[in-house]
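Q: the following block contains a protein sequence and its predicted model.
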Amino acid sequence: MARYLSYNKKIILFLLTLSLVVKVTSQNLSVASFSRLGFTSRGIGLGNAMTSVTHGEITGYYNPAVLPFSNIKSASLTIGILSLDRTLDFIHYTQSLYPTAGFSIFIIRAGVKNIDSRDVDGYHIENLSTREYLIGFSFSNRIIEKISVGLSLKFYVNKLYRDISSQTLGIDFGVLFKLNEHITSGISIHDINAKYKWDSSVIYQEKGRTVVESFPLTARFGITYTVQNSFMASVGYSSIGKEKIINIGSEIYPLYFLSEQFRQSVCVRGGIQFFSDIDFSLGFGLNRKISNFIVSFDYAYKFEKYSPSGMQLLTIGLKL
């Protein structure tokens, strides 16, 4: 029994470490890093340069202040295809509230499955898994015609091992400036006051201990240039704790100048992130109008340096 408890403790310590570093890419070696990978095929395909983007499919994830400038209702489901038994999925709904406000609901699910658990003699015991969830609600309003402010409440849940889990509430704040018809800029601060509190006494009773892990404060700045319905380029700067990242993304509709009927039917995206390494992503989007609805399909591929294959994201969306 003593040997089993000792082994059990090693599993928990391993999973605690894994929860900090497993993040479906090698970008942020910190707690709850799954929540900073990006959002949906469009956002990740654009290199996460979305802090000041106000058109097309947007959410409160990057900057809650962008929501009043969206003139559509949109919903989407994103499925991630990843190596090493990792999962990453997204759901969102965004709607403007006439005349000056908007709100967004978004959910992220991430985890690792099929973790091989063995005893000290090397015999298989069971397959373990970790799961993390983020449920966010964003609301924003224009204080004047060209400036909006927004707030997000984000509820995190981490199911680490059996009865060991943690929950926390984080707060995001953002501001957006619409400089003119083509240029917007935005600033946002994320995960204010968020932290996980781990209590292993649920398994080890008096031998357990409590550990508190604070989320790194994330700050983003971005500026976007848009030519309506045909081209968009965006540049961002992100500070995640001690890590500094430059985000660049571009989106173009190649059929805009060729066919009036199919102007918005196809778009091509690309993104780059500069930090300790250079990270590339590519993607495309297809749109088809059916009655009063627009059905969309988006795809993104993100290169991963330390993975056998890159991350693939598939998004099915509905706009009206």
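A: Thanks, I have the structure now.
Q: mind listing what's buried in the strand or helix carrying Asp89?
A: Element membership for Asp89 (DSSP states H and E) is strand 86-97. Residues of strand 86-97 classed as buried under the neighbour-count rule (16 or more other CB atoms under 10 Å) are 86-88, 90, 92, 94-96. Where you see a C-beta, it was placed from the backbone N, CA and C, and this is true even at glycine.
Q: over to stretch 182-197?
A: Under the neighbour-count criterion of 16+ other CB under 10 Å, stretch 182-197 has 184-191, 194-196 buried.
Q: of those, which is the nearest to Tyr204?
A: Proximity to Tyr204 was ranked across the buried residues of stretch 182-197 by CB to CB; first place goes to Tyr196, at 18.1 Å.
Q: can you tell me the SS state at the closest one?
A: strand (DSSP: H, G, I helix; E, B strand; the rest coil).
Q: separation between it and Leu160?
A: Remark: distance between Tyr196 and Leu160 (CB to CB, to the nearest Å) = 9 Å.
Q: what touches both of the two?
A: Ser166 (CB atoms under 8 Å, 6 or more residues apart in numbering).
Q: picking up where we left off before, as TSV, the buried residues of stretch 182-197 with pLDDT, secondary structure and distance to Leu169 would be great.
A: Output for the buried residues of stretch 182-197, formatted as TSV (pLDDT from 0 to 100; DSSP: H, G, I helix; E, B strand; the rest coil; distance: CB to CB, whole Å):
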residue	pLDDT	secondary structure	distance to Leu169
Thr184	97	strand	29
Ser185	97	strand	28
Gly186	97	strand	23
Ile187	98	strand	22
Ser188	97	strand	17
Ile189	97	strand	15
His190	97	strand	13
Asp191	95	strand	10
Ala194	94	coil	7
Lys195	93	strand	10
Tyr196	93	strand	11
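Q: across the sheet, point out what pairs with Ser165.
A: Lys159 (DSSP bridges).
Q: give me the number of residues near it?
A: Ser165 is flanked by 16 other residues according to other CB atoms under 10 Å.
Q: wouldn't it be in contact with Lys159 here?
A: Yes: under the criterion of CB atoms under 8 Å, Ser165 lies in contact with Lys159, with a separation of 5.0 Å.
Q: can you give me the helices in the stretch 101-250 of the chain?
A: Taking DSSP state H, counting those that start in this stretch as the criterion, the stretch 101-250 of the chain contains helices spanning 201-204.
Q: now do the strands in it.
A: In order along the chain, the stretch 101-250 of the chain carries the following strands (DSSP state E, counting those that start in this stretch): 101-118, 124-144, 147-161, 164-178, 183-192, 195-199, 210-214, 218-227, 231-240, 243-252.
Q: Throw those into TSV and include distance to Ala32, thanks.
A: Compiled in TSV, those are given as follows (distance: least, CB to CB, whole Å):
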stretch	distance to Ala32
strand 101-118	9
strand 124-144	7
strand 147-161	6
strand 164-178	8
strand 183-192	8
strand 195-199	7
strand 210-214	9
strand 218-227	10
strand 231-240	11
strand 243-252	14
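Q: I'd like to know which of those strands lies nearest to Phe34.
A: Using CB to CB as the measure, strand 101-118 is the one of these that comes nearest Phe34, at 3.7 Å.
Q: paired strands for the closest one, with orientation please.
A: Sheet pairing here is set by DSSP bridges, and for strand 101-118 it gives strand 86-97 (antiparallel), strand 124-144 (antiparallel).
Q: dump those into JSON lines; add mean pLDDT as well.
A: Listed next are the strands paired with strand 101-118 as JSON lines, based on pLDDT from 0 to 100:
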{"stretch": "strand 86-97", "mean pLDDT": "95"}
{"stretch": "strand 124-144", "mean pLDDT": "93"}
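Q: these: which one's closest to Ser281?
A: Taking CB to CB as the criterion, strand 86-97 is the member of those that comes nearest to Ser281, at 13.8 Å.
Q: chain center to that closest one, what's the gap?
A: Using CA atoms, centre = their mean, to the nearest Å, we find the averaged C-alpha position of strand 86-97 to lie 9 Å away from the chain's own average C-alpha position.
Q: next one: stretch 59-74
A: Stretch 59-74 has its C-alpha centroid displaced from the chain centroid by 15 Å (CA atoms, centre = their mean).
Q: for Gly80, give me its contacts.
A: Contacts here follow CB under 8 Å, 6+ apart; on that basis Gly80 touches 24, 86-90, 311-313.
Q: list the contacts of Ala101.
A: Ala101 is in contact with 67-68, 139-142, counting by CB under 8 Å, 6+ apart.
Q: let's see the pLDDT reported for it.
A: Predicted confidence (pLDDT) for Ala101: 95.
Q: number of nearby residues for the closest residue to Val211 other than its chain neighbours?
A: Once flanking residues are discounted, Val211 sits nearest to Trp198: 4.6 Å by CB to CB, 6 or more residues apart in numbering. Neighbour count for Trp198, taken as other CB under 10 Å: 19.
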